[in-house]
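Undergrad: Here is a sequence together with a model predicted from it:
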Amino acid sequence: MTNSTPSTARTLDNGSAGTGPVLEFRNVSIGFDHTVLEDVSFSVGPHETRILLGPAGVGKSVLLKLANGLLCPDSGSVHLFGEEISSIPEQQLFHLRTRTGMVFQEGALFDSLPVRDNVAYQLIQEEVPDEQVDVRVREALRFVGLEQTFSLYPGSLSGGMRRRVAIARALIHNPQLLLYDSPTGGLDPVTSTTIIELIVKQRDVYHTPSVLVTHRLQDAFTMCSHRFEPAEERMVPLPENQTDPKTTFLMLSEGHLIFDGSLQELVSSQDPFVREFIE
Ligand SMILES: Nc1ncnc2c1ncn2[C@@H]1O[C@H](COP(=O)(O)OP(=O)(O)O)[C@@H](O)[C@H]1O
Ligand SMILES: [Mg+2]
């Protein structure tokens, strides 16, 4: 975000895994009192957006926490930026995690801190000088259309605005992988669309690889069927029958990854769980 010329090169310059997967799960299983994920394998390539679908309680949030090392698999391995994260020391893991941006379910803002400090959280941890923090926070807030909230407290913002602040916070340190956990959960359809528009903007302007968790099929279809038009500063529909080729789907059901493929493959799938979910 500090770079005013968004380019695909920037993502690679930051030292991400080049042409290899940015994130890869290999036969990952995890359980608590019961098995949550079993033998889950998939990958996220450079510039790819994976939309993770599945009913409530199926393990979508657990999968995102495994992706950035907040949880450790019972078996199998998770590879982030080419490193197997379960086998590296905590200090190094902390560093890898700072290269990801996480938008937590419900936004998870600190109500006692103004928007500026919420968005700046990562930069403050890194002891970035105050003036630089201000510039970068304003830039991130401008990206989400909320510059005017700089000095406000989260409590005075609407649900949709809080989600947008959470997205600005995730973007502040130019992440090389974005993890969005149900960013439209609990929002009305119109506000949800403004959030999806931001995610499409992020995808089409910065090309940061992402995993987007949602239980709303409408969000997924909107993501696939639109692109961000910078000249108009808004999301526009793709021509009829075209979908974004870099946006593809994963679906979890009862612990298993039952689908990994394109929108076309999703809507024509004969798998009974997939059919039940999309109908
Ligand atoms: N830290 C934890 N300890 C015990 N159980 C957990 C923990 N995190 C998640 N679970 C359980 O894992 C399952 C999947 O949860 P979650 O990933 O939050 O589902 P969702 O798909 O709705 O995001 C649920 O049964 C939940 O209770
Ligand atoms: Mg969840």
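TA: Alright, I've got the coordinates. Ligands and ions are numbered 1, 2, ... in the order given.
Undergrad: C-alpha only now, for contacts and for neighbours.
TA: Will do.
Undergrad: Run the chain-centre distance for stretch 258-277.
TA: 22 Å (CA atoms, centre = their mean, to the nearest Å).
Undergrad: what comes up buried for that stretch?
TA: Under the neighbour-count criterion of 16 or more other CA atoms under 10 Å, stretch 258-277 has F259, D260, S262, L263, L266, F273, V274 buried.
Undergrad: what's the answer for stretch 114-127, then?
TA: Buried-residue list, stretch 114-127, by 16+ other CA under 10 Å: P114, V115, R116, D117, N118, V119, A120, Y121, Q122, L123.
Undergrad: Tell me the span between the first and last residue of it.
TA: 18 Å (CA to CA, to the nearest Å).
Undergrad: and what of stretch 162-182?
TA: With CA to CA as the measure, stretch 162-182 spans 13 Å from end to end.
Undergrad: residues touching R169, list them.
TA: Residues in contact with R169 (CA atoms under 8 Å, 6 or more residues apart in numbering) are N118, V119, A120, Y121, Q122, A140.
Undergrad: re earlier: check the buried residues of stretch 258-277 and tell me the two furthest apart.
TA: Of all pairs drawn from these, the greatest distance, 16.4 Å, lies between S262 and F273 (CA to CA).
Undergrad: Strands of the chain, start to end?
TA: 23-31, 35-44, 49-53, 75-80, 83-84, 100-103, 177-181, 210-214, 226-229, 234-237, 247-253, 256-261 (DSSP state E).
Undergrad: How about the residues of the stretch 1-150 of the chain by ligand 1?
TA: Counting by CA under 6 Å from any ligand atom, the residues of the stretch 1-150 of the chain close to ligand 1 are F32, V36, A56, G57, V58, G59, K60, S61, V62.
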